[in-house]
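Colleague: Dropping a prediction and its sequence here:
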Amino acid sequence: MIYNYKEKNMAIKIAITNQKGGVGKTTTAINLADALKHIGYRVLLIDLDPQSNSTSTYQAVVEGENTIYDLMSQACDTKSAIQHTEMGDIIAGDTLLTELESKLITKIGGYNVLKKALRDVENDYDYIIMDTPPNLGVFMLNALTAANGCIVPIKAEVYAVDGLNLIIKTVNDVIENTNPELNFYGVMLTAYDVRNGQDKAIWEQLPLVGEQSGFRVFKTPIRICQDVKKAQSKRTSLFEMSPACSGSVDYAHFVKELLEVI
């Protein structure tokens, strides 16, 4: 059964997270937001990664506009930080975030800044998707503290699978200390090459690892698809540019599965 959160008039906040870089967090965040938007949900994307790749894909403006830096430093309210682009609504990332981290770490309530800020807009959206940086720092912890649930993308690499224990520990620490309502929605496999023997072996072993470690593995792997990269380079919607490609099909199936989980 799919729970209808529109009736509750509140946003479901999802953190896309992994302490390892290059696993498809940004690609997942962008296409999850896009897929949800294309089936009729109101979606806000938040770019918490100082590299700001989601911001670039959305063609959001950083100079002269309020960004996630301004929001997290409490220099603006949440609604004034939202930009409305052709790709959708976004709170833009900012390289200045790195300057803010040390201040938030030492601040009382520094891990709750985003959670408090999102209260102002959680009735305006059905889903809020948070793209997090590739480290276990204050911005990832802010996202996990603010989230209803998290998704962990990984690639079919041995070390990526081994590294799951670290992010699972982080999620459990957040549940224990700052957000007892956080759900671990599951692990998803990205950049899956069906012709690669190692990829297939890891994909077959992953559910067993999940069962032993206590996490769900989504049944839909995201296959390698050049159209996914093309859509991001063209800064356009994958679902509008190439709705029949394997990337669109996989993300559509993944979203259906995610909604059933939620």
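Modeller: It's in.

Colleague: does Val23 count as helix, strand or coil?
Modeller: In three-state terms, and counting by DSSP: H, G, I helix; E, B strand; the rest coil, Val23 is coil.

Colleague: Contacts only, for it.
Modeller: Listed by CB atoms under 8 Å, 6 or more residues apart in numbering, the contact set of Val23 reads Pro134, Pro153, Ile154, Lys155, Ala160, Thr190. C-beta coordinates here come from the backbone N, C-alpha and C atoms, glycine included.

Colleague: Adding distance to Ala60, secondary structure and pLDDT, write these out as a markdown table.
Modeller: As requested, those are exported to a markdown table (distance: CB to CB, whole Å; DSSP: H, G, I helix; E, B strand; the rest coil; pLDDT from 0 to 100):
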| residue | distance to Ala60 | secondary structure | pLDDT |
| --- | --- | --- | --- |
| Pro134 | 20 | coil | 90 |
| Pro153 | 22 | strand | 95 |
| Ile154 | 27 | strand | 94 |
| Lys155 | 27 | strand | 91 |
| Ala160 | 29 | helix | 76 |
| Thr190 | 23 | strand | 96 |
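
Colleague: Among those, which pair sits farthest apart?
Modeller: The span of the contacts of Val23, defined through CB to CB, is set by Pro134 and Thr190 at 13.7 Å.

Colleague: higher neighbour count, these two?
Modeller: Summary of the neighbour comparison: Pro134 and Thr190, criterion other CB atoms under 10 Å, with Thr190 having more neighbours (23 against 17).

Colleague: Surely that one and Cys225 touch.
Modeller: No: using CB atoms under 8 Å, Thr190 is not in contact with Cys225, being 10.5 Å away.

Colleague: how close does the spatially closest residue to Val121 that is not a sequence neighbour sit to Val113?
Modeller: Using CB to CB, 6 or more residues apart in numbering and skipping the chain neighbours, the partner closest in space to Val121 is Thr78 (5.0 Å). Remark: distance between Thr78 and Val113 (CB to CB, to the nearest Å) = 11 Å.

Colleague: do Ala92 as well
Modeller: Taking CB to CB as the criterion, Ala92 is separated from Val113 by 17 Å.

Colleague: How about Asp199?
Modeller: When distance is defined by CB to CB, Asp199 is 39 Å away from Val113.

Colleague: repeat for Asp193
Modeller: Asp193 sits 40 Å away from Val113, taking CB to CB as the criterion.

Colleague: Compare those two (neighbour count), which wins?
Modeller: Neighbours per residue, other CB under 10 Å: of Asp193 and Val113, the larger number sits with Val113, 21 against 15.

Colleague: so what's that one closest to, chain neighbours aside?
Modeller: Excluding the flanking residues, the one nearest Val113 by CB to CB, 6+ apart is Met72, at 5.5 Å.

Colleague: burial measure for the one you found, as a count.
Modeller: The number of residues packed near Met72 is 26, by other CB under 10 Å.

Colleague: residue contacts, it?
Modeller: If a contact means CB under 8 Å, 6+ apart, then Met72 has Leu97, Leu100, Leu104, Val113, Leu114, Ala117, Phe139, Asn142 as its contacts.

Colleague: what pLDDT does it get?
Modeller: Reading off the per-residue confidence, Met72 sits at a pLDDT of 96.

Colleague: Good, wrapping up.
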